[in-house]
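Undergrad: Model the following, please.
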Amino acid sequence: MKAVTLMALPLVWAMSFSVFSAAGPASVNASTAEAFKDLNRTLPGLAPITFPAANEKHKVLVFIDNQCTFCSQVVKNVPRYNDAGLTMSFLTVAPPSIRDSVIEDMGRVWCSADRKKSLQAAMAGFLPGNGTSASCSDEIVQQSALAERLGIKLTPTMIVLDNPPQVILGSAKPAEILEKLSRKTF
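TA: Model prediction:
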């Protein structure tokens, strides 16, 4: 699947009626600034599973669900993204139609002793043998709530955490991401 790109995350946030501000719709620039601050402030508490690049050029946050074929391809190719200088962090989206099963399955990943290996295995169709807990399931619910606030309804959704952030809907190869970033063609 070719990546479908948006102009930029500011447009997504502006269209979602400034969901980060109770004051209602603001200008795109104000919405962007607030959304970026909220994302940076919220992200560490959501315990993303992160695969750091040795020579990091950009950080990419990817919203996934374990029943998404294209998400599986992104996770499978993490070494390629890392080799290209892209640090990859993953959070879960629990789509309404499969919400309970995604929360249960991905809760097991977030509860495992080795989250990175469990995520890779789960995305290949092999869930970890451990169970989930209320706190792990709650992490998945909170991650999905962030995705909802950002207006994310498609998986995978990649957000390049530059300022301003750039959004890629679907999967994109590392070279495509770097090319678009260098040309600013999102």
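Undergrad: give me every residue that touches residue 110.
TA: Residues near residue 110 by C-beta atoms under 8 Å, 6 or more residues apart in numbering: 47, 49, 132, 136, 139-140. Bear in mind the C-beta positions are built from the backbone N, C-alpha and C, glycine included.
Undergrad: Helix or strand: which one has it?
TA: According to DSSP states H and E, residue 110 maps onto helix 99-111.
Undergrad: quick revisit: filter the contacts of residue 110 down to the ones in helices?
TA: 136, 139-140 (DSSP state H).
Undergrad: which residues make contact with the helix or strand containing residue 159 from outside it?
TA: Per DSSP H and E, residue 159 falls inside strand 157-160. By C-beta under 8 Å, 6+ apart, the residues outside strand 157-160 that reach it are 3, 9, 39, 58-63, 74, 93, 147, 150, 165-169, 171-172, 177, 181.
Undergrad: Of those residues, which belong to helices?
TA: Using DSSP H, the contacts of strand 157-160 in helices are 9, 39, 74, 147, 177, 181.
Undergrad: which residues touch residue 80?
TA: Residue 80 touches 173-174, counting by C-beta under 8 Å, 6+ apart.
Undergrad: Just the local confidence number for it, please.
TA: You'll see residue 80 listed with a pLDDT of 98.
Undergrad: just checking, it is part of a strand?
TA: No: the assignment for residue 80 by DSSP: H, G, I helix; E, B strand; the rest coil gives helix, which leaves it out of any strand.
Undergrad: sorry, back to before: okay, among the contacts of residue 110, which ones form the most distant pair?
TA: 49 and 132 (15.0 Å; C-beta to C-beta).
Undergrad: can you give me the strands for the protein?
TA: 4-5, 49-51, 58-64, 86-92, 157-160, 166-169 (DSSP state E).
Undergrad: From the contacts of strand 157-160, list just the buried residues.
TA: Using 16 or more other C-beta atoms under 10 Å as the burial test, those include 3, 9, 39, 58-63, 74, 93, 147, 150, 165-169, 171-172, 177, 181 as buried.
Undergrad: Dump the strand holding residue 159 to CSV, keeping only the CA atoms.
TA: Extracted C-alpha coordinates of strand 157-160, given in CSV (Å, rounded to 0.1, in the frame of the first residue of the first chain):
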residue,chain,number,x,y,z
THR,A,157,-0.7,6.3,11.0
MET,A,158,2.8,7.6,11.2
ILE,A,159,3.6,11.0,12.8
VAL,A,160,7.1,12.4,12.2
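Undergrad: and that strand, which residues are buried?
TA: For strand 157-160, by 16+ other C-beta under 10 Å, it's 157-160.
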